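Enquirer: okay, sequence plus prediction incoming.
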Number of protein chains: 2
Amino acid sequence: MQATLMYGAHDVRVETVPDAQMVESADALVRVTRACICGSDLWPYNSMPKSDVGNRMGHEFIGVIDEVGSAVSGLKSGDVVVAPFLWSDNSCDFCREGLHTSCRHGGRYGFDGVDGGQGEAVRVPEAQGTLVKLPVGEDSALMPSLLTLTDVFCTGHHCAIKAGIGPGATVTVIGDGAVGLSAVLAAKRLGAEQIVLMGRHADRTELGQQFGATEVVAERGEEGVQRVRELIGDDGTRAVLECVGTKPALETAFGVVRDGGVVSRVGVPQYEEGPIGLDTLMRNITLTGGAAPARAYIEELIPDVVDGVIEPGKVFDKAFDLDHVPDAYRAMADRKVLKALVQL
Amino acid sequence: MQATLMYGAHDVRVETVPDAQMVESADALVRVTRACICGSDLWPYNSMPKSDVGNRMGHEFIGVIDEVGSAVSGLKSGDVVVAPFLWSDNSCDFCREGLHTSCRHGGRYGFDGVDGGQGEAVRVPEAQGTLVKLPVGEDSALMPSLLTLTDVFCTGHHCAIKAGIGPGATVTVIGDGAVGLSAVLAAKRLGAEQIVLMGRHADRTELGQQFGATEVVAERGEEGVQRVRELIGDDGTRAVLECVGTKPALETAFGVVRDGGVVSRVGVPQYEEGPIGLDTLMRNITLTGGAAPARAYIEELIPDVVDGVIEPGKVFDKAFDLDHVPDAYRAMADRKVLKALVQL
């Protein structure tokens, strides 16, 4: 079958790999119908050391089940399913608490003999716990929005949930990438009233406004912090959703958060240490967030997608076929595409 | 009057200063009857650059009101009062939210013409909002425990509250100083069932066990982390109370916290940056805590002290008169005394 591998920075190839095949009785084989490229894929795309064997890529996909193992119940061949970006048993103590990212029997696509999502098929371990059956056909027009439930929208949702966003909330969202825009939509869905979006790409912040941003701040750094504080007419916002992952973004987050407030972050940290010294202590700032347990949220979010209450799939602004995945990476890295959908 | 000044590292003097006197109509003059030395006073004691004018010291005291300004109601001359370690109006939006440490009209003792607590008298600004009348006489045997409500016990309590400690909780407390021991007592009071105290001073951890610690871990660093994980038979504890303030203590906190758990910190950070990179994100660790809004807790805690439910004053293991405050600093810095009470 064909699948995507990364051999180093700016070196993505679609190649023939061994067909996905069943290994464990808890596995399912999924023929991928939609996949996408994650903002987090861009970090290795820009920095991965050269490799001779390459890494299998992709962790966001929807597909049709080809085969299920003997230990899998509730799923069958032909089911259209969505896969969260980590596989998990959905039954261990961590999963029962909604922390599927720490599942005792979970893992990552593309590692340890498990296929990546940017390919024709994937062996999904712990399939019964991992896969969620969709109430629509494989060619539904809802596919882009349903595909965001694998990762990006759930990540924005997790960011908002961990920040305690609820009706009437005032929030600053840092970052106009697909995660930041998803966080705007998630905050809006949870009832936030004032949503300040910090981002400087007009086409993206425009989508952010469609998603619910009430103000846009294009300035960055200290200037951006001052602008947010002017807009809020306050001491910063009680909740800040940090959706970038760089240290300057985190510094901005601490800069715009109100005393006693929460900085929730979901961007993959491009830092080992962050500014959590005396000032954050004196101001009683809480830092929370983390890798989103997408599996914990998918079932809750599907109805709003199916009913058209939210349309998170608008973050996809261009579709590519599998052969053109290298172009998709390049387009996203060059910021010509916000988020690339891969249609198989 | 006599008051304590610090002129540099290891240079504390009790000297004659101008008598405390009324300035604003919201002030009260308080004759100090008990004060104490804070663990946070030891940071400048060990590191303060030499000063020609000196800094007035002390922010924890109980006393008797001598005079109140015309804007103060509910308090009168002769009232025995406890002062939280910051003064605050108890009426601004931050105070109404229980975040008195961010009061819009609050401040610190020993700064900007306000007396320090380690002296014979203090002008207390915003007296009506700040001072809490005690239901006992000035020589009550309860004074040591009531004195802890100015700071140290409220700080331990705040740490436990921010960590969400409740009935049945399992918690690790890092630090066997007076704050750490207070955190143990606070966690116990809030219903924690298993309390692992990390500390290596046997006399202090023994008091920790009296306060409710179920296990003591003397090892530090990676060895300490492993020992806690052995004891808990788990993946770390859901709540960690970091009561030291050093970077190694913070690293230990992240080492012993369970995925999805909370590190609550109240020690004054002796670092500008901390380890909040990829690992803490992937594990969904929350970092919270901060300067304790003691004023928010005092009224709630007084009954348990008066009824003898808790005896936080046990952290005081030696009393000094005002003249001997320099000896008290030295004894605490040399770890010969856990926490020094100053009796006037």
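Expert: Received, thanks. Residues are numbered from 1 along each chain as shown, chains lettered A, B, ... in the order given.
Enquirer: domain ranges for chain A?
Expert: A:2-151+A:293-343, A:155-289 (automatic domain parsing).
Enquirer: make a markdown table out of these and add mean neighbour count and distance to chain B.
Expert: Bear in mind the C-beta positions are built from the backbone N, C-alpha and C, glycine included. What follows is the domains of chain A, written out as a markdown table (neighbours: other CB atoms under 10 Å in any protein chain shown; distance: least, CB to the nearest CB, whole Å):
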| stretch | mean neighbour count | distance to chain B |
| --- | --- | --- |
| domain A:2-151+A:293-343 | 19 | 4 |
| domain A:155-289 | 22 | 3 |
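Enquirer: now render those domains as TSV, adding distance to B:Ser47 and mean pLDDT.
Expert: TSV is the format used below for the domains of chain A (distance: least, CB to CB, whole Å; pLDDT from 0 to 100):
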stretch	distance to B:Ser47	mean pLDDT
domain A:2-151+A:293-343	40	97
domain A:155-289	14	97
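Enquirer: out of those domains, the one nearest B:Glu223 is which?
Expert: B:Glu223 sits nearest to domain A:155-289 of all those, at 22.6 Å, using CB to CB.
Enquirer: mind listing what the closest residue to A:Tyr297 other than its chain neighbours touches?
Expert: Nearest residue to A:Tyr297 in three dimensions, chain neighbours excluded: A:Cys154, at 4.8 Å (CB to CB, 6 or more residues apart in numbering or on different chains). A:Cys154 sits next to A:Pro84, A:Thr148, A:Ala292, A:Pro293, A:Ala294, A:Tyr297, A:Ile298, A:Leu301 when contact means CB atoms under 8 Å, 6 or more residues apart in numbering or on different chains.
Enquirer: if we go to 10 Å?
Expert: For A:Cys154, the contact set (CB atoms under 10 Å, 6 or more residues apart in numbering or on different chains) comprises A:84-85, A:148, A:161, A:182, A:186, A:266, A:292-298, A:300-301, A:312.
Enquirer: A:Ile232 now?
Expert: By CB under 10 Å, 6+ apart, A:Ile232 lies in contact with A:Thr170, A:Thr172, A:Gln194, A:Val196, A:Glu215, A:Arg238, A:Val256, A:Arg258.
Enquirer: include secondary structure when you put those into TSV, please.
Expert: Shown next, in TSV, are the contacts of A:Ile232 (DSSP: H, G, I helix; E, B strand; the rest coil):
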residue	secondary structure
A:Thr170	strand
A:Thr172	strand
A:Gln194	strand
A:Val196	strand
A:Glu215	strand
A:Arg238	strand
A:Val256	helix
A:Arg258	strand
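Enquirer: let's verify the nearest residue to A:Arg123 once chain neighbours are set aside: helix, strand, or coil?
Expert: Computed as CB to CB, 6+ apart, the closest residue to A:Arg123 that is not its neighbour in sequence is A:Ala20, at 4.7 Å. Following three-state DSSP, A:Ala20 is assigned to coil.
Enquirer: I'd guessed A:Ala20 sits against A:Gln2; true?
Expert: No: the pair A:Ala20 / A:Gln2 is not scored as a contact, 11.2 Å apart, by CB atoms under 10 Å.
Enquirer: show me whatever sits in contact with both of the two.
Expert: A:Gly119, A:Glu120, A:Ala121.
Enquirer: of those, closest to B:Leu29?
Expert: Closest to B:Leu29, out of all of these and judged by CB to CB, is A:Gly119, at 77.6 Å.
Enquirer: so where do the helices sit in the stretch 151-300 of chain A?
Expert: Taking DSSP state H, counting those that start in this stretch as the criterion, the stretch 151-300 of chain A carries its helices at A:152-162, A:178-189, A:202-211, A:221-232, A:247-256, A:278-282, A:294-306.
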